[in-house]
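1. below is the sequence, then the predicted model.
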Amino acid sequence: MIELCLNTHVSGIAWKEGEKVIRNLPGNRGIRLDFQVLDLIHSIYDVEMQNRRFPDLPQRTRFYQSMTDTPLLKSGENSYSSLSPSYIIVICCFDLFGYGKYRYTFENTCHEVPGLSLGDGSRKIILNTRGTDPSAAEPQLIDFLHYIEHSTDQTISTIQDPRILKIHEKVKQIKKSEEMEAAYMREQELKMAIFQDGFQNGRRDGFKDGFQNGRQDGFQDGFQNGRQDGFKRRGRQIARKMLRDNMSLTLISKYTGLTEKEILKLKGKSKISQ
């Protein structure tokens, strides 16, 4: 991914970490980086994904740059020459600057002397998945950014770069794993929500029934009836959400305990209400 973003060769990875937290002094703000990499020649890369447009994104790259540099120098170290070359890469699903470029590269240069770089070894790269001007971008970068925008089998069918193909395989594995985990979590969440709903309704109805009728078994009867009503009510709520996500009747029935006939009835009511 880094090679595609920068059109360069990365000479192996010495260290990498996702969701890396860099802490600041107490009372000051720290950061959490999406993904940070150190290569074999000690260049450091921070790769960030940005779906939403925030006006302070340039200032954030400045802050990330400073916080990335902080851990590189040990206490008492006098020379700054050990600071690694660093790249802050932000992949945006929008054009931050509005020039249609796929890539915007920034480094510190002199206003008075054109072409004179400060040489501090820091760069900030803003990528745009919705670029329209291919003149200053490599075809493989454009393919990669289009893939980020639409990570589908149809998009990948037109791409031949092996690095992007490898990324797609990883994405499919992650999606499959996440779908399995999400299904499990939905099932556990549903069971707990239904139990809590049924318990609360059953306890309330049981107390009310037992008090009003003076029956010793009022609490138990009311609890059982209330819990069953709670199960059904919560199941219908979950079923409506799953219907909106176009999930199959079989899957909805499995997670809610409703019959397919009951689910179809809910589906019909949803269409009428729409």
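-> Done, it's in.

2. now do the helices in the stretch 51-200 of the chain.
-> 57-69, 139-149, 153-156, 162-213 (DSSP state H, counting those that start in this stretch).

3. what's the least confident stretch among the ones you listed?
-> Out of the helices of the stretch 51-200 of the chain, helix 162-213 stands lowest, with a mean of 68 (criterion: mean pLDDT).

4. what about S117, distance to I89?
-> 19 Å (CB to CB, to the nearest Å). The C-beta positions use only the backbone N, C-alpha and C, and glycine is treated the same way.

5. who has more neighbours out of these two?
-> More crowded of S117 and I89, by other CB atoms under 10 Å: I89, with 24 against 11.

6. my guess is that one contacts Q50. True?
-> No - assessed by CB atoms under 8 Å, I89 is found out of contact with Q50, at 10.5 Å.

7. residue boundaries of the strands in this protein?
-> 13-22, 31-39, 44-50, 86-92, 103-106, 122-128 (DSSP state E).

8. other SSEs contacting the shortest one?
-> Other elements packing on strand 103-106 under the criterion 3 or more CB pairs under 8 Å, 6 or more residues apart in numbering; DSSP states H and E are strand 122-128.

9. which ones are touching T250?
-> By CB atoms under 8 Å, 6 or more residues apart in numbering, the contact set of T250 is E260.

10. what's the spacing between it and T259?
-> Taking CB to CB, one finds T250 at 11 Å from T259.

11. same question, L4
-> Using CB to CB, L4 is found at 51 Å from T259.

12. the two - which one has more neighbours?
-> L4 (20 against 11).

13. count of residues packed around the residue lying closest to the more buried one once chain neighbours are set aside?
-> Closest residue to L4 apart from its sequence neighbours, by CB to CB, 6 or more residues apart in numbering: F144 at 4.5 Å. Residues near F144, counting by other CB under 10 Å, number 25.

14. so what's the residue count around L266?
-> 19.

15. same thing with G30?
-> Counted with other CB under 10 Å, G30 comes out at 10.

16. contact partners for it?
-> V21, I22, R23, N24, M67.

17. quick one: it from S66, how far?
-> 12 Å.

18. also F35?
-> 19 Å.

19. just L165 next, same as before
-> 37 Å.

20. likewise I91?
-> Counting by CB to CB, the gap from I91 to S66 is 21 Å.

21. can you check S157 too?
-> Counting by CB to CB - S157 and S66 are separated by 43 Å.

22. comparing those two, which residue is more hemmed in?
-> Using other CB under 10 Å as the criterion, S157 and S66 rank with S66 on top: 12 against 8.

23. and this protein, what are its domain boundaries?
-> For the chain, automatic domain parsing gives the domain ranges 2-160, 180-273.

24. of these, which shows the lowest average pLDDT?
-> domain 180-273 (a mean of 66).

25. show me what the residue nearest the centre of the chain is bridged to.
-> The centroid of the chain falls nearest to M49 when counting by CA atoms, centre = their mean (8.5 Å). Beta bridges link M49 to I91 when assigned by DSSP bridges.
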